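*Asks:* sequence and predicted structure below; questions after.
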Amino acid sequence: MSRRKIAAAAPKLCAVAFAVASGIFAQAPTVSQNISAGQQPMAVAVNEATNKAYVVNHNSNTVTVIDGKTRSAIATIQTGSGPEGIAVNPVTNRVYVANATDSSITVIDGATDTVASTVRTGSYCQAVAVNSVTNKIYVANNFGHSVTVIDGATNAATTLRAGQGPRAIVVNPVTNKIYTVNYGSKDATEIDGATNATTSVPTGKHPWAIAVDSRANKTYVVNEDSASISILDGATGAMKNVGVGEIPFAVAVNPMTNKVYVLTYAGNTMVVIDGATGTVTRTLPLATHPSAIAVNPKSNHIYNASQGGGSVLVLDGKTNTITTTVKAGTIPYAMAVDASANQVYVANFSSDNATVIHGPVLH
C-alpha cells in the first residue's frame, strides 16, 4: 500500500518524535512486543516522567494508555471524533489530543488518565504542540487556516490567523517561537509566543512536516512537492533551501550532533544534512516505503519505520549504518522514544496495535 493510498483512507499525518537518552542501545539485545490498541493508531506521545505512552486511535476515537514499566495497556480514554495529533506537558502531567473531525482538544489528566476538559478549536485541528516553559498549547487548524492558543492553566483559548492549511506545528521553548507549515500557501507561520504576533516565512511547494532544533535555533521544513527542505535561521531570519530527493515527508533533528534527517518516499532514502553548513552529507537507501522517523540525541541513534517491511530500522548516527531491524506491526505510522526506560513506541496503523521495543534501562 502506498503512502498516498493510506492518505486516502485516513487523514495525512507523519509523526516526528524524538527523546533524550544515554547509553548503548545498539549494543544490547532489543526485544519487541505488540500491545492491542484501538482502530487505526496514528500518533503516539510519551511522558518520560510517568513512564507512560499515549497512543491515538483515529477510527476508535480513543487513546490507549500504556504503562511503560509493565508494557501493558492500562486505560482507554474516549476522545472527540477523529483524533490525529497528541502532545504531552510533562511539567503539568497533562496530555492534549487534537480531534480533527469535531475540531476540539481533549485534555487528559495524566495522574488519573481521565478527561479533564474539552476545548474548542478552529476547523479540523490536525496537530498540537506544547511549550512546557510557558504552559501554552498550540493547535494547528488545517481547514480553519489558523492556530488556537490554549492557556494550560485555565484552558482559555485564542485563535490566530495562519497560512492556508496548517498541518504541522512545533515549538521552540528557548526562543518562545512557534512554527506551522501551511500546505496550501507555500509558507510557514512564525508566532511570537510572548505577543501572539505572526509572520509569514516563504518555503517550498506544499510544506508537509517540520522539526525544530532549539539548541541551534533553526527550523527545518520539508517541502513535499519541491523535493527540498527549507532551513530557517531563527537568529537572522535567513532561509535556505536544500534539495533532498523526490517526495520528502518526514524530518527529525539531533541537536547534540547538529544533524538533520529527512525521509523521502519516492526514493526510499534517508538524507543526512549537516546543520552547521546546511548541506547534504549522506543519502542512505532504506527499506521500501519508509513511514516515520525518530531520533535519540544522546545515544545518537535514528529509528526508521518501514511501511513495506512492517519493521523499524535502528541506525547508528555516527556511522550511518543499520545496527538492527526490529519487527513491528502492519504499517508502522508514528513513533515516540522514552529515554529513561529505553523504549520505543510504534503506532501501527493497520494492525490496531502498538509495538514496544525495549532494552535494558540506561543510566
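*Replies:* Alright, I've got the coordinates. Numbers count the residues shown, from 1 in each chain.
*Asks:* from here on, contacts and neighbour counts on C-alpha atoms
*Replies:* Noted.
*Asks:* show me the shaky parts of the stretch 101-250 of the chain.
*Replies:* Across the stretch 101-250 of the chain, nothing is flagged by pLDDT under 70.
*Asks:* list the buried residues in the helix or strand residue 65 falls within.
*Replies:* Using DSSP states H and E, residue 65 maps to strand 62-67. Across strand 62-67, burial judged by 16 or more other Cα atoms under 10 Å covers 62-67.
*Asks:* distance across stretch 221-233, terminal residue to terminal residue?
*Replies:* One end of stretch 221-233 to the other measures 12 Å (Cα to Cα, to the nearest Å).
*Asks:* quick one: residues in contact with it.
*Replies:* 181, 203-211, 217-220, 238-251, 262, 278 (Cα atoms under 8 Å, 6 or more residues apart in numbering).
*Asks:* these two touch, right, residue 208 and residue 167?
*Replies:* Yes. At 7.1 Å, residue 208 and residue 167 qualify as touching, with contact defined as Cα atoms under 8 Å.
*Asks:* what's the overlap in contacts for the two?
*Replies:* By Cα under 8 Å, 6+ apart, the residues touching both residue 208 and residue 167 are 181-183.
*Asks:* need these in JSON lines (columns: neighbour count).
*Replies:* Below are these laid out as JSON lines (neighbours: other Cα atoms under 10 Å):
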{"residue": "181", "neighbour count": "33"}
{"residue": "182", "neighbour count": "30"}
{"residue": "183", "neighbour count": "24"}
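*Asks:* rebuild the residues you listed as TSV, extending it with distance to residue 91.
*Replies:* Shown next, in TSV, are the shared contacts of residue 208 and residue 167 (distance: Cα to Cα, whole Å):
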residue	distance to residue 91
181	26
182	29
183	32
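*Asks:* so which of those residues are in strands?
*Replies:* Judged by DSSP state E, strands contain the following of the shared contacts of residue 208 and residue 167: 181-182.
*Asks:* please name the residues that touch residue 118.
*Replies:* Per Cα under 8 Å, 6+ apart, neighbours of residue 118: 104-107.
*Asks:* most neighbours among those residues, which one is it?
*Replies:* residue 105 (29 neighbours; other Cα atoms under 10 Å).
*Asks:* is that one in a bridge, and if so with what?
*Replies:* Partner residues in beta bridges with residue 105, using DSSP bridges, are residue 98, residue 119.
*Asks:* and if you look at residue 253?
*Replies:* residue 260.
*Asks:* ok, now which ones touch it?
*Replies:* Per Cα under 8 Å, 6+ apart, neighbours of residue 253: 211-213, 259-261, 295, 297.
*Asks:* change it to 7 Å
*Replies:* 211, 213, 259-261, 295 (Cα atoms under 7 Å, 6 or more residues apart in numbering).
*Asks:* can you check residue 329 too?
*Replies:* By Cα under 7 Å, 6+ apart, the contact set of residue 329 is 310, 348, 351, 355.
*Asks:* what about residue 205, helix or strand, and which?
*Replies:* Here residue 205 is assigned to no helix or strand, by DSSP H and E.
*Asks:* that one contacts residue 187, correct?
*Replies:* No. The criterion here is Cα atoms under 7 Å, and residue 205 misses it with residue 187 at 8.2 Å.
*Asks:* how about the nearest residue to residue 235, chain neighbours excluded?
*Replies:* Spatial nearest neighbour of residue 235, excluding adjacent residues (Cα to Cα, 6 or more residues apart in numbering): residue 217 at 6.7 Å.
*Asks:* gap between the one you found and residue 227?
*Replies:* Taking Cα to Cα, one finds residue 217 at 23 Å from residue 227.
*Asks:* repeat that for residue 290.
*Replies:* Counting by Cα to Cα, the gap from residue 290 to residue 227 is 16 Å.
*Asks:* again with residue 123
*Replies:* 29 Å.
*Asks:* distance of the nearest residue to residue 141 once chain neighbours are set aside from residue 347?
*Replies:* In this structure, residue 141 finds its nearest non-sequential neighbour in residue 125, 3.9 Å apart by Cα to Cα, 6+ apart. Separation of residue 125 from residue 347 (Cα to Cα): 20 Å.
*Asks:* residue 42 is in contact with residue 350, correct?
*Replies:* No. Taking Cα under 7 Å as the definition, residue 350 is not a contact partner of residue 42, at 9.3 Å.
*Asks:* between the two, who's got more neighbours?
*Replies:* Comparing residue 350 with residue 42 by other Cα under 10 Å, the one with more neighbours is residue 42, at 32 against 16.
*Asks:* just the element for that one, please.
*Replies:* Here residue 42 is assigned to strand 41-47, by DSSP H and E.
*Asks:* ok, then the element right after that strand?
*Replies:* strand 52-57.
*Asks:* how big is the angle separating that next one from strand 41-47?
*Replies:* If you take axes from the mean of the first three to the mean of the last three Cα atoms, to 10 degrees, strand 52-57 sits at 160 degrees to strand 41-47.
*Asks:* restrict strand 52-57 to CA atoms and write it as CSV.
*Replies:* Output of strand 52-57 as CSV, limited to C-alpha atoms (Å, rounded to 0.1, in the frame of the first residue of the first chain):
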residue,chain,number,x,y,z
LYS,A,52,3.6,6.2,30.2
ALA,A,53,2.8,6.3,26.5
TYR,A,54,-0.4,7.5,24.8
VAL,A,55,-1.5,6.0,21.5
VAL,A,56,-4.1,7.9,19.4
ASN,A,57,-6.6,5.6,17.8
